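Undergrad: Sequence and predicted structure, then a few things I'm wondering about:
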Amino acid sequence: MKHVCLFVLLVMGVLGLSFGQKRVFDIQFDNIPLDSVLTLVTQKTGYFFSYNSEILPVGSKYSMNETDIDIDRFLNKLLLGIDVEHQIMNDQIILRTRLPQSIGPTERKTFSINGQVRDIDTNEPISGVNVFLSGTNLGGVTDLQGFYMIERIPIGSYEVIFSHLTYDMVFDEAELLSQGVLTINAQMKVGARLLDTLEVVSRRLIGADERARFIRIFENEFLGRSSNAQKCQLANPEVLDFIYDPKEDKLEVFALEPVVVINEMLGYEITYYFDVFQKIGGYVNFYGKARFKQLKPSTSKEQKRWIQNRTKAYEGSFLHFRRALVANELKREQFRMSLIPADDIDQVANATMQKVEMTEILTALPSGNFQLNFDGFLLVTYRQKPDEMYNEQFFDEASGRAMQRSFIRLNEGPVQLKSNGRMEFPGMATYGYWYWERIGDLLPENYYPENESL
């Protein structure tokens with residue numbers, strides 16, 4: 001599968017050109033590629049074009065001779081027979097893949113995000129900024145003028161990440177409940193490297209002889225111990241730095257660059273931007289921002305295997321539960337919930353469980369989002385067979401079989417869940433099966449089993 005993050009913007013190259021508001025123009029060209037046609041239109045009219053380069057036909061040449069034609073009529077003629085449609089927004093024209101005619105305006109399920117990224121001090125555009133929706137495989141890269149576009153985003157709520165090695169990371173929120181184009185501009189500030197922080201505590205940095213051991217510990221805790229995790233590879237362990245305090249048995253991990261993981265079982269390359277990674281005794285706490293890229297399968301058999309493994313990883317996952325919860329489909333999706341009045345996870349085993357319904361812990365908000373709120377621990381059981389590696393650890397003697405049992409505790413009061421099930425981390429802590437699952441079983445937030453085809 002191609003990585004569709006190449007993004008092209010055609011901009012006016014002549015200072016003082018003032019055709020931006022001109023509605024009609026004359027144009028003539030003969031046997032030239034479509035991208036050259038768009039450049040010519042920009043020079044003639046002052047409109048600039050935003051599009052993903054992969055939507056344009058390869059090898060086709062175009063000819064036209066028009067007088068006093070407006071931009072709408074011209075583009076309708078130019079794009080006739082091509083699976084591309086246009087939308088005009090001020091002096092910008094957005095080109096995107098045409099949706100099937102059978103889909104009506106109210107049934108369209110995607111939107112687009114575009115914008116420009118500039119240096120906060122110099123106001124100069126920044127090229128090469130990775131712009132992506134956290135936890136998904138949706139993203140792009142800014143061009144020489146700092147522009148980007150992300151297309152075909154399922155409706156819902158997302159965290160937009162702007163990342164560049166020279167600049168501090170920038171975060172923004174995007175939420176659309178219907179088709180449209182959302183413009184998000186960003187300003188980035190040159191950042192201080194994490195290395196400065198590490199030098200302050202250099203007396204506690206581990207030695208070279210200990211590094212291999214701590215890398216193995218990190219891989220076990222970060223990737224996990226599931227069947228999928230066993231096949232994951234840490235592609236760049238050299239970016240990791242470790243601080244270890246033996247008195248507290250506390251290990252902290254820092255990454256000067258994003259950590260890259262190759263998941264051969266699910267067919268993803270995951271780029272992970274750490275916020276925190278701590279291991280204190282037997283308890284691990286980490287969170288950050290993940291960007292997914294689908295690997296290219298070598299055979300159709302491998303593609304089929306990936307699809308099957310992804311479906312299996314999704315069933316009973318935290319992502320699956322959050323979506324079922326906000327859609328009020330817990331029973332249909334085979335989840336069951338109970339509340340456990342306990343102050344600490346060690347007290348859970350001896351506490352009395354109380355059955356709870358979705359309406360007792362989830363409140364719909366006027367915004368279309370939801371608020372999750374409860375005291376103690378929420379036990380979530382999934383009625384399907386868990387991962388084989390999990391069976392040995394979580395066999396339930398009462399039922400005579402292994403079950404996926406997970407526990408949730410809210411960190412600091414109510415947590416907001418978006419309409420598509422997204423939540424702001426670290427709003428809650430997970431234990432049991434969802435704690436046991438790590439990066440090796442992580443799926444993109446925009447993954448849906450029904451969208452995959454064998």
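TA: Okay, I see it.

Undergrad: switch to C-alpha atoms for all contacts and neighbour counts from now on
TA: OK.

Undergrad: And the residue nearest to Lys355 when sequence neighbours are not counted, how close does it get to Met353?
TA: Once its chain neighbours are removed from consideration, Lys355 has its nearest residue in Ser338; the separation is 4.3 Å (Cα to Cα, 6 or more residues apart in numbering). Applying Cα to Cα, to the nearest Å, one obtains 6 Å for the distance of Ser338 from Met353.

Undergrad: Would you confirm that Val45 contacts Phe25?
TA: Just so we're on the same page, residue 45 is Thr rather than Val. Yes: counting by Cα atoms under 8 Å, a contact exists between Thr45 and Phe25, whose distance comes to 7.2 Å.

Undergrad: Of those two, give the one with the bigger neighbour count.
TA: Thr45 (23 against 16; other Cα atoms under 10 Å).

Undergrad: per-residue confidence for the nearest residue to Gly267 once chain neighbours are set aside?
TA: Setting aside the residues directly before and after it, Gly267 is nearest to Leu295 in space (Cα to Cα, 6+ apart), at 5.2 Å. You'll see Leu295 listed with a pLDDT of 95.

Undergrad: Same check on Gln278?
TA: Confidence per residue is given as pLDDT, and for Gln278 that number is 94.

Undergrad: correct me, but it touches Glu252?
TA: Yes: the pair Gln278 and Glu252 qualifies as a contact (Cα under 8 Å) at a distance of 4.6 Å.

Undergrad: which residue lies farthest from the center of the chain?
TA: Each residue of the chain has a distance to the centre, and by Cα atoms, centre = their mean the biggest one is for Thr67: 46.0 Å.

Undergrad: What is the neighbour count of the nearest residue to that residue once chain neighbours are set aside?
TA: If you skip the residues right next to it in sequence, Thr67 has Asp26 as its closest partner in space, 4.4 Å away by Cα to Cα, 6+ apart. Residues contacting Asp26 under the criterion other Cα under 10 Å number 13.

Undergrad: State the distance from Asp26 to Leu34.
TA: The gap separating Asp26 from Leu34 is 17 Å, by Cα to Cα.

Undergrad: ok, now Ser60?
TA: Ser60 is 7 Å from Leu34, where distance means Cα to Cα.

Undergrad: Pick out whichever of these two has more residues nearby.
TA: Shown here are Ser60 and Leu34; by other Cα under 10 Å, Leu34 has more neighbours (19 against 10).

Undergrad: backbone phi and psi for Ile94, please?
TA: Ile94 has phi and psi values of phi -100, psi 130 when expressed as degrees, to the nearest 10.

Undergrad: Mind listing the residues bridging to it?
TA: Beta-bridge pairing for Ile94 (DSSP bridges): Ser50, Gln87.

Undergrad: need the contact list for it.
TA: Neighbour list for Ile94: Phe49, Ser50, Tyr51, His86, Gln87, Ile88 [criterion: Cα atoms under 8 Å, 6 or more residues apart in numbering].

Undergrad: On the pLDDT front, check it for me.
TA: Here the pLDDT value assigned to Ile94 is 78.

Undergrad: Distance of it relative to Ile55?
TA: For Ile94, the distance to Ile55 (Cα to Cα) stands at 12 Å.

Undergrad: what's the answer for Lys418, then?
TA: In this structure, Lys418 lies at 31 Å from Ile55, with Cα to Cα as the measure.

Undergrad: before we move on, what about Phe25?
TA: Using Cα to Cα, which is the criterion applied here, Phe25 is 26 Å from Ile55.

Undergrad: for Ile82, same thing?
TA: From Ile82 over to Ile55 the distance is 9 Å, taken as Cα to Cα.

Undergrad: and if you look at Glu85?
TA: On the measure of Cα to Cα, Glu85 and Ile55 end up 10 Å apart.

Undergrad: Overlap of the contact sets of these two?
TA: Counting by Cα under 8 Å, 6+ apart, the residues touching both Glu85 and Ile55 are Arg96, Thr97.

Undergrad: got a list of what the spatially most central residue of the chain touches?
TA: For the chain, the residue lying nearest the average C-alpha position, counting by Cα atoms, centre = their mean, turns out to be Thr136 (2.2 Å). Residues in contact with Thr136 (Cα under 8 Å, 6+ apart) are Ala290, Arg291, Phe292, Leu443, Pro444, Glu445, Asn446, Tyr447.

Undergrad: Over to the closest residue to it other than its chain neighbours: give its phi and psi.
TA: Using Cα to Cα, 6+ apart and skipping residues adjacent in sequence, the residue nearest Thr136 is Pro444, 4.3 Å away. Phi and psi for Pro444, reported as degrees, to the nearest 10, are phi -60, psi 150.

Undergrad: who's in contact with Pro444?
TA: Gly135, Thr136, Asn137, Phe292.

Undergrad: still on that earlier bit, how far away is the residue nearest to Thr67 from Thr45?
TA: 10 Å.

Undergrad: Check the nearest residue to Val41 once chain neighbours are set aside and give its pLDDT.
TA: Using Cα to Cα, 6+ apart and skipping residues adjacent in sequence, the residue nearest Val41 is Tyr47, 7.3 Å away. With respect to pLDDT, Tyr47 has a value of 85.
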